[in-house]
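1. Let me see the structure of the following:
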Amino acid sequence: MPRLHLVFLWHMHQPFYYDWEKGWLSLPWVRLHAVKAYYDMPAVLRNHESARGNFNLVPSLLKQLRLYEEGHEDYFLHLSRKAPADLELEEKEFILQYFFSCHWDTMVHPYPRYAALLQKRGMDSKIDLSSVAQEFSEGEIRDLQVWFNLTWLGFSQRKHPLVKELLFKGRDFSEDEKQALLDLHLEIIRQIIPLYRELQEKKRIEISTTPFFHPILPLLIDTDLARRNLPQAPLPPRFAHPEDAAYQIRSGLEFCAQVFGQRPEGMWPSEGSVCPELIPLAAQEGVKWMATDEEILYRSLGQSGPQILLKPYWAENEGKKVAFVFRHHALSDRIGFVYRGLSAEEAVQDLLYTAKALAEESGLEEPLLAIILDGENPWEYYADGGEDFLNTLYHTLGQENEVVLTTISEYLEQHPPRDSIANLYTGSWINANFDIWIGHEEENRAWELLGRTRAILGDLAQAPEDAREAMMAAEGSDWFWWFGDHFSSLFDLEFDRLFRGHLRQVFRALGKTPLSDLAEPIKRPKPVEPQEYPTAFIQPRIDGEKSYFYEWIGAGRYEPDSLGEAMYIGESLVRVLYFGFNLENFYLRLELHVESVAELSPETCFKIVFQGERHQAEVSFCPAHPEKSELVLTRGTEVFRGQEAGQIAAKKLIELALPFQKLGFRPGEQVKFFLEIWEKGLLKEKVPRAGHLVFVVPDENFEQVMWQV
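-> Numbers count the residues shown, from 1 in each chain. As a prediction, the model looks like this:
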């Protein structure tokens, strides 16, 4: 059997979570993966003398590790630091909503106290957090703060005295213990870059990288390149900035050289996305090798099999060439998705058996098998964080004579490519196309906004540094990953907001007013579940006061902050929105986060947008403006003003009564509605942030039907 050269390339990546307005990282994933995989992976390799490997470290991740080193926090860390007695109700609700964000089977259920807290909170997605928060004691909130940050610690930290003590204690943690745990997180982060640098200097690992903010390079070069593998897909207005692609590559290489003292030779292009036009750009920036998926190779050559896959190639275009290595798709995915369900011995045996069989079948003298996958995401699904599998893997390979661990550059130096690819296929590692990042209505809208902002930025080389950096951050692939219908998470709206925040920062850095469209979420509106639906007719007194308790009983109720929306954008102006009706009127009540409407700016204006089955109606007013405080109701070409439009009272709160006759909606008609808050002609807030509330115009049987329900 030929000697098999085996490469593991662990891709370490996070998008740029920096919130330019707040000055913090809005999401915690850099920190939480840092105390787990980013430290565990090189640490376990260091413990096995013969182990070698590639670590592909994305500059946007490294930059955020540096931000933590400099004292920046993420919002989750900020809330974890606060004593429960000092938390606002909305902050408690946020903790209850999001401090179970991990894989429950391996990171919650094995720990009785954490599991009990989850059980008490409830495991249904439709939880009335405002009510649940009242049931949690300060001690329970503190225990939740601790457990969320404790369970994310990787196996390398489980022998730390503090961690052992906390795991043994299990509950009733003190503030001092909590703060010590959070300090440990930051201590681990400070050790990560030195650890990688040490292993690189000892030639135990090779550090490769990715364009700075992880963009899909072919789509930066020209979004119309997507037509090569998605010929029928609707595409956005053309975005063609190869200079941005070159800058992302160059700045990423330079940043890694600053961080690690050595310029990377290789690159995993974001999501394995390649095209022929990328080759001269990469070669010009000094990239010696790139890696992507086997399907790109097979489609480039029109052939497949181990004899095709297990060797490097030159990819050529415009007189330039770069060496290419191609990942074994199935074997890489087994580590991510299959081996977590096997014992470590079974998993490693399967991997080695498959690898040797591929080498034998290839017939090549010095075959190269590249296993390339996320280095951070698989391990929370392994019961022990992957410790047993990784130790067994490196130990077993250390005893092997037929398989040798290597790095990509080391292999290429000894065995440079002999074959060439004249026409590299255009595509990514997912289905060999770009369907994840372009072609959907939301994705195309994001590309449109990206293009409009890019046009205003102008010459990249002449742009202010902050504007250029924000533009490059907005070009990252992750924002587009979460647009469209392919993937969804608890944080869809936050990814949407961060993307638009990067684009708004471009305008701020240029001293310009951001596009008004950047205030509108890109995610398609969806019905939003209120805390309560209307259940009975109401007849409130429209006086802008809390007149008596029962006047809004039976109305619907929606609290923006209770869904964890206030954390990133800042506290909503609206504390509670009530909506209800009788046969004649639609009623709306807004309780605000100010003592009275008089505290509002005269330039603060409200617009309620109603979308029925046949037409749209809008109601607008500026309650603190001396001349624009009256209602204006617009329906098509008809405009109603003042009392003709309805009733309004704005004192302690805002109350409206709007006649269905003027709105033009009929009994039985479903109506969507949302609230917009404008200031000086700019949209400042939308309630709900994304989506709309829904009601059905009642008929005389409404109360009887609701009573029966």
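
2. what about stretch 452-469, average pLDDT?
-> The predicted model gives stretch 452-469 an average pLDDT of 97.

3. quick one: contacts of it?
-> Contacts of stretch 452-469 from elsewhere in the structure, counted by C-beta atoms under 8 Å, 6 or more residues apart in numbering, are 239, 241, 243-244, 247, 471, 474, 503, 505-507, 509-510, 512, 515, 517-518. C-beta here means a position set from N, CA and C on the backbone, and glycine is covered the same way.

4. How about stretch 181-201?
-> Stretch 181-201 is contacted by residues 31, 34-35, 38-39, 42-43, 45-46, 55, 57, 62, 65-66, 68-69, 77, 80-81, 146, 149-150, 153, 157, 160, 162-163, 166, 205-207, 259-262 when judged by C-beta under 8 Å, 6+ apart.

5. How far away from the center of its chain is that stretch?
-> Averaging C-alpha positions (C-alpha atoms, centre = their mean, to the nearest Å) puts stretch 181-201 24 Å from its chain's average.

6. What are the buried residues along it?
-> If you call a residue buried by 16 or more other C-beta atoms under 10 Å, then stretch 181-201 has these buried ones: 181-182, 184-186, 188-189, 192-193, 195-197, 199-200.

7. Name the residues that touch stretch 287-296?
-> 9, 208, 249, 253, 265-269, 272-274, 282, 304, 309, 312, 315, 322-329, 370, 372, 408-409, 412, 424-425, 427-429, 431-432.

8. Export only the CA atoms of that stretch, formatted as CSV.
-> In CSV, the C-alpha atoms belonging to stretch 287-296 read as follows (Å, rounded to 0.1, in the frame of the first residue of the first chain):
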residue,chain,number,x,y,z
VAL,A,287,-1.2,33.0,-2.3
LYS,A,288,0.7,29.8,-3.1
TRP,A,289,-2.2,27.3,-2.6
MET,A,290,-6.0,27.2,-2.1
ALA,A,291,-8.4,24.5,-1.1
THR,A,292,-12.0,23.8,-2.0
ASP,A,293,-14.4,20.9,-2.4
GLU,A,294,-14.1,17.7,-4.5
GLU,A,295,-17.2,18.6,-6.5
ILE,A,296,-15.4,21.6,-7.9
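
9. how far does that stretch sit from the chain's center?
-> Remark: stretch 287-296 is offset 25 Å from the chain centroid, using C-alpha atoms, centre = their mean.

10. can you give me the helices for the stretch 251-400 of the chain?
-> Defined through DSSP state H, counting those that start in this stretch, the helices belonging to the stretch 251-400 of the chain, from first to last, are 278-284, 294-301, 306-309, 329-333, 344-362, 387-398.

11. low-scoring pLDDT stretches of the stretch 451-600 of the chain, where are they?
-> 525-526, 548-549, 561-571 (pLDDT under 70).

12. what are the ranges of the helices in it?
-> Secondary structure of the stretch 451-600 of the chain (DSSP H, counting those that start in this stretch): helices located at 465-474, 477-482, 492-510, 566-569.

13. Of all those, which one is nearest residue 113?
-> helix 566-569 (25.0 Å; C-beta to C-beta).

14. what about the chain, any weak spots by pLDDT?
-> Along the chain, the model assigns pLDDT under 70 to residues 125-126, 525-526, 548-549, 561-571, 703-709.

15. Swap in 50 and give it another go.
-> By pLDDT under 50, the low-scoring segments of the chain are 562-569, 707-709.
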